[in-house]
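Peer 1: Could you look at this predicted model? Sequence included:
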Amino acid sequence: MNKVAVYPGSFDPITYGHLDIIKRGLTIFDEIIVAVARNSQKNSLFTTEERVGLIEDVVKEEGRVTVDTFSGLLIDYVSSCGAHVIIRGLRAISDFEYEFQIAQMNSTIGQQIETLFMMTSLQYGYLSSSIVKEVCSLNGDIDKFVPPEIKKALRQKYGLSEIR
């Protein structure tokens, strides 16, 4: 029986921090489904389809990772995938408080689904998609934060040249 986990998020855009969680998650699980949330309430820079394409681009070498989208309750999506674990990355105590509440709600709704919290590696503890977008929009160097494919897409979104 394959151990399948779902790693949900907005991934707007995916960063090296996200990719670190995926890589480390693959040491525990046979397969990880990166589930991009379709959330009309969020003001995303990239469309859902663009985010899926970008993630597929950067994980294409890893055959045990698939990318999908979902809307509605995460717990329903996880069940529909036949998975029993949700992976959540934590950077700080502030992340834990929110994520803990969500995990408790999910376990109340779907008792067969577990949430696995993974601490971000130290080098990515400060990193967020929002910070990356802000630095890029101000023409800052984001090489240490995202893969080249993501950097290129961000710079195009902000109408910046390819030079930096």
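Peer 2: On my side now, so go ahead.

Peer 1: how about the lowest-mean-pLDDT helix or strand in the chain: buried residues?
Peer 2: Of the helices and strands making up the chain, the lowest-confidence element is helix 93-109, at a mean of 86, by mean pLDDT, DSSP states H and E. For helix 93-109, a neighbour-count test (16 or more other CB atoms under 10 Å) marks D95, E99, A103, N106 as buried. For every residue, glycine as well, the C-beta is placed using N, CA and C.

Peer 1: Just send these back as a markdown table, with distance to Y7 too.
Peer 2: Formatted as a markdown table, those follow (distance: CB to CB, whole Å):
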| residue | distance to Y7 |
| --- | --- |
| D95 | 15 |
| E99 | 13 |
| A103 | 14 |
| N106 | 14 |
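
Peer 1: Of the residues you listed, which is the nearest to A35?
Peer 2: N106 (13.4 Å; CB to CB).

Peer 1: The closest one and I75, how far apart?
Peer 2: According to CB to CB, to the nearest Å, N106 and I75 sit 5 Å apart.

Peer 1: Identify the contacts common to the two.
Peer 2: Counting by CB atoms under 8 Å, 6 or more residues apart in numbering, the shared contacts of N106 and I75 are I113.

Peer 1: can you pull out the strands in the protein?
Peer 2: Ranges of strands within the chain are 4-9, 31-37, 65-70, 85-90, 114-119, based on DSSP state E.

Peer 1: which stretch among these comes nearest N139?
Peer 2: For the strands of the chain, distance to N139 was read as CB to CB. The smallest value, 26.2 Å, belongs to strand 4-9.

Peer 1: now that closest one against strand 85-90, angle please.
Peer 2: Inter-element angle recorded for strand 4-9 and strand 85-90: 40 degrees (by axes from the mean of the first three to the mean of the last three CA atoms, to 10 degrees).

Peer 1: one step back: in CSV, list the strands of the chain along with distance to T15.
Peer 2: Below are the strands of the chain laid out as CSV (distance: least, CB to CB, whole Å):
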stretch, distance to T15
strand 4-9, 10
strand 31-37, 13
strand 65-70, 15
strand 85-90, 10
strand 114-119, 15
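
Peer 1: Could you list the low-pLDDT ranges of this protein?
Peer 2: Residues of the chain that meet the criterion pLDDT under 70 lie in 40, 162-164.

Peer 1: Contacts only, for E50.
Peer 2: Counted by CB under 8 Å, 6+ apart, E50 has contacts A153.
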